[in-house]
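A.B. asks: whatever this is, show me its structure:
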Amino acid sequence: MPGVRINQLLASTAVVLLLAGAPTVTLAGPSDPATTAATPDTANMAAPTPADADKTPAATATPQPLDSPNLPATTGSIAPTQASAPPAAAETTPAPAAAAAPAATAEPATIASAPAAPTPAATPAAPAMSAADAAVVDQLRNLASGKFDRIVGNKKDRTIVDAFYSGRDYAPLWITDGKVNERGKAVIAYLGHVDQDGLDPADYPVPNFTALSDPNDLAEAELKLDMTIITYAHHASIGRVHWSRVSGDISYTTTAPEPADVLAAMVEAKDMAKALDSYEPHTPGYLALKAKLAEFRAGKAEAGKTPIANGAAPKVGAQDDRVPLLRERLNVSGDGTTYDKALADAVKKYQQDHQLKVTGTLTPQTVDALNGRQPDKPIDIILANMERWRWMPHDLGNTYVIVNLADFTLRVMHDGKPYWTTRIVDGKPEMPTPIMQAEMKYITINPTWNVPPSIVNHEYLPALQQDPTVLDRMGLKVGKNPDGTVHIWQPPGEHNALGRIRFNFPNKFLVYQHDTPDKYLFAYDKRAYSHGCMRVQDPQKYAEVLLSLVRPNDGYTLERIKKMIDAGGEQDIQLPTFIPVNLTYQTAFVDDDGKLQFRDDVYGRDKQLLAILKGDDRRMADVAVERREDPSHRQVLAIPDSTPLFGGRNYGGPGDGGNFFSRLFGGGFASAPPQPVRHATPHRRETSSGAPVQR
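C.D. replies: Predicted coordinates for the structure are as follows:
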C-alpha cells in the first residue's frame, strides 16, 4: 500500500523535525569529545533530567547569605536551569551509548576535585547580594591585576588569596550589604584581646569598617583583615619570635598553618573566637601560665614567702628573732629563738646543696637564697615562657617525656598527668643543653662509647703520638674498622662515661640522656655541669617506667633490668612506639600545687628573647634566620662528661673545670661534626625484641 507507506514516511519526518527543534540533553565526560562538540552553546542548554537533578549541588537550591558560616570556601559556577525549556525536554532519555561511555571512563576523584570550568555564558552560582556588595566584588576581581599587592605582602600569599576569592566568585567574607558582618565583628573583638595569650594587639591591626563606604576602601579593608588573621594564626601556632633568632641551640620542626587553610577555616567556623583560639597552645603548662598572667595583671598575684630579714649572722647559742622562721623554712624542729647546733647543721647542708660558701652561719648570701629571687619584672618572664610554649608542638601526645632544663628535672607524663619524676644534670651555661623535641627510639643497656671518627683523626691520634699510653690510662681501646681506619671506644662497664644505660632519641645536636658514675652531683640544687647531654639520677627506674608504658606485657621490671646490666654485654631494647622527648626551658612554671615558680635564667634565654620582643627588629622577628652550624660545638655535646682518667675519679662536677677531654683539647674541636653512626665493636650486641636495631 504505497499511500500508507508515504503517510508513515511523512509522519516519521515530522517527528524527526520536531525532535531536532528541541534542546538536547547530553552527559559529557572527559573521554567523550564528540559529546562536547555537539553542545556549542551552553546558553541553550535544557533543564536537567531527573537523573541529572540528583547531581546538582545542594548549594544552588538554597543560597547562603554572604556572612553565613556555612558558605563554602570554594564555590564552582553552575549554569542555572532554563525557564523556557520545553517540558518535554525533562522527559528526554539520553541514548544508552552516550550515557554509558562517560560513566565507564570518568575518574571519581577528578570529578570531585576539578569541576568543569564554566563557559562565558554561564552565570556564577553566588548568593544574591546587594548592590554595595556587588561593587566590592568588582574591586576584589582586581586582585590578580596587582592592585592590592601592597596589602597582600608576597607573591605566594597573593596567589593564595586570589585563589580563595576566585573560588568564591570574589564574594567578600567579612562584608554584607556594604558593612562589616557578624563574622567580621567577632574576629575584630577577639584580636583586640590577644594580650590574654601574651601577645600584643597592636601587632594585629584591624580596619575600621564603620568609617568606610567606598567599594575600593571596603575591598582593601576586607583584605587587610585577611592578612591580620593569617599573621595571628602564624604567631599563635609557632611563635611571635622565630626560635632561630634566639639561639642556634634551639630547633623545632613545627610549621605555621598555610594561609589557604586559615581562610578556609574562617569560612567553615561557626564560632570565630573558638576557631582563632584553636591556634594557641592548649597544653596544661601553657594554660596554667596564662591563668597566672591574668592574676598578675588583675593585681591578684599570690603572696610569696615571708622574707627572712638581713642582719648579723648569729653564732651557735646566740638569740635571734629570725630563728622561728628559719626553722620553718629549713624544716627543723625546736622552740624558742636560740640558734642551736641542729639549726646550724641544717644551714650548712642548705649551703652545700645551693653551692654557697659553707659556714653554717646565716650569711647575707644564704638569706638571699632562702628568700628566693623573684624577678624584677615577673610578667615579662611569664610572657617569655608562654612564647616558648608556642614554639613547641601543641599536641604533646598521650605519653611523653618533658625536661625542664631551668629546673634540672625530668618528668614522664601519661594520660595528661605526671607519671614519674627524677633529677637531672644538664649543660653548663657555656655549653647549654639544646631546646627541642625528638623521639626516643631505643634504650641501650651497658652502652659502648664510640669516639666519633673526626675526633679520633684530629685529636686522639695526635695525643697518642705524644703519649702512647694515654688511652689505656683512660680505659679506652684502640682497634681497626673494616675499612682500615682507626676505631677508638670505651667498653661497657661500671666506669664507662655513659654509665650502665643510655636513652637514645636521635637529633641533630647529638645529645642523649644517660647514667653516670658521678652520683654526688644530684645532691646540688643547681645542676648545670654537663657538656650538653643529660645525666639521669635514677636511670634504671627511668627505663622501667618507659618500658612499662610502651612494652607493658614484656616483663621489663626493675629486677630484670638490673640482671641485664649484671650480665654484661651491650643490648638495645627497642621501643615499638616512639616516645616524644621535649627539652624545654621553663624559668616560670606552675607546680603541682598550683604555685607559680621562677627559676634563674641560667642560659640567658629570657634575656635574649625579651630583647628581641622589645627591640628595633621586632617587626621581622617572626622570620627565621640562617645560623651557621658550629661543628666544634656539636662535637663537644657528643662527648661524655665523666670519662675516667688514670683509673681514678671522674670529672665533670663543680670545681673540676670540665672533664679530661675539655682540658686536653681546650673545650672544643675544629673538625667536622661526627655522623651519628655505630661502629662495630668486639662486644656482642643483642636486640631484646628480636627486631633489627633502629637508628
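A.B. asks: just checking, Ala144 touches Ala163?
C.D. replies: No. Counting by C-beta atoms under 8 Å, Ala144 stays clear of Ala163, with 9.6 Å between them. For every residue, glycine as well, the C-beta is placed using N, CA and C.
A.B. asks: could I get the full set of helices for the stretch 451-600 of the chain?
C.D. replies: Under the criterion DSSP state H, counting those that start in this stretch, the stretch 451-600 of the chain contains helices at 453-455, 461-466, 470-473, 539-550, 558-567.
A.B. asks: could you list every helix and strand that the longest one packs against?
C.D. replies: Pointing back at helix 539-550 there. Contacts defined by 3 or more C-beta pairs under 8 Å, 6 or more residues apart in numbering; DSSP states H and E place helix 539-550 against strand 399-404, strand 409-414, strand 417-427, strand 435-445, strand 501-504, strand 513-514, helix 558-567, strand 570-584.
A.B. asks: tell me the most buried of these?
C.D. replies: Greatest average neighbour count among these goes to strand 513-514 (a mean of 26), per mean count of other C-beta atoms under 10 Å.
A.B. asks: partner strands of it and their direction?
C.D. replies: Strand 513-514 has the following sheet partners, assigned by DSSP bridges: strand 501-504 (antiparallel), strand 534-536 (parallel).
A.B. asks: average pLDDT for the shortest one?
C.D. replies: pLDDT averaged over strand 534-536 equals 94, rounded to a whole number.
A.B. asks: which residues of the protein score low on pLDDT?
C.D. replies: Counting by pLDDT under 70, the chain shows low-confidence ranges at 1-127, 302-305, 355, 372-373, 630-695.
A.B. asks: what's the neighbour count on Asn331?
C.D. replies: Look at Asn331: counted by other C-beta atoms under 10 Å, it has 7 neighbours.
A.B. asks: can you check the one 4 residues further on too?
C.D. replies: Burial of Asp335, expressed as a neighbour count using other C-beta under 10 Å, amounts to 8.
A.B. asks: how about Asn216?
C.D. replies: Neighbours of Asn216 (other C-beta under 10 Å): 15.
A.B. asks: that one contacts Arg141, correct?
C.D. replies: No. In this structure Asn216 lies outside contact range of Arg141 using C-beta under 8 Å: 12.0 Å.
A.B. asks: Asp601 is nearest to which of the strands paired with strand 513-514?
C.D. replies: strand 534-536 (18.9 Å; C-beta to C-beta).
A.B. asks: quick one: the helices in the stretch 301-450 of the chain?
C.D. replies: Under DSSP H, counting those that start in this stretch, the stretch 301-450 of the chain gives helices at 323-330, 341-353, 364-371, 378-391.
A.B. asks: could you check how far the longest one is from the centre of its chain?
C.D. replies: It stands for helix 378-391. 15 Å (C-alpha atoms, centre = their mean, to the nearest Å).
A.B. asks: in it, what's buried?
C.D. replies: Of the residues in helix 378-391, those buried by neighbour count under the rule 16 or more other C-beta atoms under 10 Å are 378, 380-391.
A.B. asks: and for the second one?
C.D. replies: Using 16+ other C-beta under 10 Å as the burial criterion, the residues of helix 341-353 that qualify are 343-344, 346-348, 350-351.
A.B. asks: name the residues contacting each of Ala144 and Ala163.
C.D. replies: Contact criterion C-beta atoms under 8 Å, 6 or more residues apart in numbering; residues shared by Ala144 and Ala163: none found.
A.B. asks: quick one: the residue most central in space within the chain and Glu387, what's the gap?
C.D. replies: Residue closest to the average C-alpha location in the chain (C-alpha atoms, centre = their mean): Pro393, at 2.4 Å. For Pro393, the distance to Glu387 equals 15 Å [C-beta to C-beta, to the nearest Å].
A.B. asks: equivalent analysis for Asp592, please.
C.D. replies: Asp592 is 23 Å from Glu387, where distance means C-beta to C-beta.
A.B. asks: what packs against the longest helix seen in the chain?
C.D. replies: Ranked by number of residues, the top helix in the chain under DSSP state H is helix 215-238. Helix 215-238 sits against helix 131-140, helix 155-167, strand 175-176, helix 182-191, helix 259-268, helix 272-277, helix 378-391, with contacts defined as 3+ C-beta pairs under 8 Å, 6+ apart.
A.B. asks: convert the C-alpha atoms of that helix to PDB, please.
C.D. replies: This file holds the C-alpha atoms of helix 215-238, laid out as PDB (Å, rounded to 0.1, in the frame of the first residue of the first chain):
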ATOM      1  CA  PRO A 215      33.800  50.000  47.400                       C
ATOM      2  CA  ASN A 216      37.600  50.200  46.900                       C
ATOM      3  CA  ASP A 217      38.100  51.100  50.600                       C
ATOM      4  CA  LEU A 218      35.900  48.200  51.700                       C
ATOM      5  CA  ALA A 219      37.800  45.800  49.500                       C
ATOM      6  CA  GLU A 220      41.100  47.000  51.000                       C
ATOM      7  CA  ALA A 221      39.600  46.500  54.500                       C
ATOM      8  CA  GLU A 222      38.500  43.000  53.600                       C
ATOM      9  CA  LEU A 223      42.000  42.000  52.500                       C
ATOM     10  CA  LYS A 224      43.700  43.800  55.500                       C
ATOM     11  CA  LEU A 225      41.600  41.700  57.900                       C
ATOM     12  CA  ASP A 226      42.500  38.600  56.000                       C
ATOM     13  CA  MET A 227      46.200  39.300  56.300                       C
ATOM     14  CA  THR A 228      45.900  40.200  60.000                       C
ATOM     15  CA  ILE A 229      44.200  36.800  60.700                       C
ATOM     16  CA  ILE A 230      46.800  34.900  58.700                       C
ATOM     17  CA  THR A 231      49.600  36.700  60.700                       C
ATOM     18  CA  TYR A 232      47.800  36.000  64.000                       C
ATOM     19  CA  ALA A 233      47.400  32.300  63.200                       C
ATOM     20  CA  HIS A 234      51.200  32.200  62.300                       C
ATOM     21  CA  HIS A 235      52.200  33.700  65.600                       C
ATOM     22  CA  ALA A 236      49.800  31.700  67.700                       C
ATOM     23  CA  SER A 237      50.900  28.500  66.100                       C
ATOM     24  CA  ILE A 238      54.700  28.700  66.100                       C
END
